[in-house]
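Chemist: Next input, structure requested:
(chains A and B)
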Amino acid sequence: QFVLTQPPSVSAAPGQNVTISCSGSSSNIGSYYVSWYQQLPGKAPKLLIYDNNRRPSGIPDRFSGSKSVTSATLGITGLQTGDEADYYCETWNSSLTVGRVFGGGTKLTVL
Amino acid sequence: EVQLLESGGGLVQPGGSLRLSCAASGFTFTSYAMSWVRQAPGKGLEWVSAMSGSGGSTHDITYYADSVKGRFTISRDNSKKTLYLQMNSLRAEDTAVYYCARETLLTYNEYSDIDYWGQGTLVTVSS
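Modeler: The predicted structure follows:
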């Protein structure tokens, strides 16, 4: 259903590190920058990472992004309970449906 | 401080119409493209529509997701710093929270991101 594939859920304990993957194709991730958004429960999404690995002002360096060929990864180090949220990858798609596309989202649970 | 405040959501019957509004403040409204993004209950994000800013050669160009093309119309009133989404022929699958969002560029393209989001307004399509 979603052009970009994310795991439905990941979990880790406070203080640990976690990665969230986002898999696409040459028509999207393989050709364009990837962004990541964090959505806390009941809140609007928030830009976390843009241009694959850049952080907006105010985003702590515990959050990082990377991209390799047709996949992208969001990394979070030193997990905090406040990081429990849904995370979405996003990029541009140039095949069939042209425009911005989101992944299905990953629910991060901090145990 | 950038603020986006949506309004106009509510309950509407299938086939009905609704107009959403988004009042913007804290930035030069004409210098940015704007988007609508929706989220069905318990589901992920779906980009719906965008409109370029009102500068240069990209004056007021509109873009739509295939799922709403021909039924939804995006517009903006720069004098009121307000973005609109006119939704016609509504279907049950249009039920979602609709977010107003600011793009990072004047134009909506592969280089733009969304840097600010409103809090959303809920649209429920049901008989």
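Chemist: Dead centre of chain B: give me the residue that sits there.
Modeler: residue B:36 (2.5 Å; CA atoms, centre = their mean).
Chemist: Quick check: that one touching residue B:21?
Modeler: No. Counting by CB atoms under 8 Å, residue B:36 sits too far from residue B:21 to count as a contact (11.1 Å). C-beta: built from backbone N, CA, C; applies to glycine.
Chemist: Show me the common contact partners of these two, please.
Modeler: residue B:83 (CB atoms under 8 Å, 6 or more residues apart in numbering or on different chains).
Chemist: Return the residue of chain A that is most distant from the centre.
Modeler: Here the centre of chain A is the reference, and by CA atoms, centre = their mean the most remote residue is residue A:96, at 22.8 Å.
Chemist: Quickly note the distance from that residue to chain B.
Modeler: 9 Å (CB to the nearest CB, to the nearest Å).
Chemist: any idea how far that residue is from residue A:62?
Modeler: Plainly put, residue A:96 is 36 Å away from residue A:62 if you go by CB to CB, to the nearest Å.
Chemist: Could you pull up the residues touching residue B:100?
Modeler: By CB under 8 Å, 6+ apart, residue B:100 lies in contact with B:4-6, B:20, B:22, B:24, B:34-36, B:83, B:117-118.
Chemist: same check, this time on residue A:77
Modeler: Applying CB under 8 Å, 6+ apart, the residues contacting residue A:77 are A:17, A:62, A:64.
Chemist: how about the strands in chain B?
Modeler: B:3-7, B:10-12, B:18-25, B:34-39, B:45-51, B:62-64, B:72-77, B:82-87, B:96-103, B:114-117, B:121-125 (DSSP state E).
Chemist: any idea of the pLDDT on residue B:72?
Modeler: On pLDDT, residue B:72 comes in at 98.
Chemist: can you tell me which residues contact residue B:113?
Modeler: Contacts of residue B:113 by CB under 8 Å, 6+ apart are A:35, A:47, A:50, A:90, B:103-104.
Chemist: Could you export those as a markdown table, including distance to residue A:111?
Modeler: Listed next are the contacts of residue B:113 as a markdown table, based on distance: CB to CB, whole Å:
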| residue | distance to residue A:111 |
| --- | --- |
| A:35 | 27 |
| A:47 | 26 |
| A:50 | 29 |
| A:90 | 27 |
| B:103 | 36 |
| B:104 | 35 |
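Chemist: ok, so of the residues you listed, who is nearest residue A:100?
Modeler: residue A:90 (6.4 Å; CB to CB).
Chemist: Run a quick neighbour tally on that closest one.
Modeler: 27 (other CB atoms under 10 Å in any protein chain shown).
Chemist: do you know how far residue B:66 is from residue A:97?
Modeler: 6 Å.
Chemist: Pick out whichever of the two has more residues nearby.
Modeler: residue A:97 (14 against 10).
Chemist: State the pLDDT value of the more buried one.
Modeler: 83.
Chemist: so it makes contact with residue B:65?
Modeler: Yes. Using CB under 8 Å, residue A:97 is in contact with residue B:65, at 7.5 Å.
Chemist: Around chain A, pick out the residues from chain B.
Modeler: Chain B comes close to chain A at residues B:35, B:37, B:44-47, B:50, B:63, B:65-66, B:99, B:104, B:109-111, B:113-115, B:117-120, as judged by CB under 8 Å from any CB of the partner chain.
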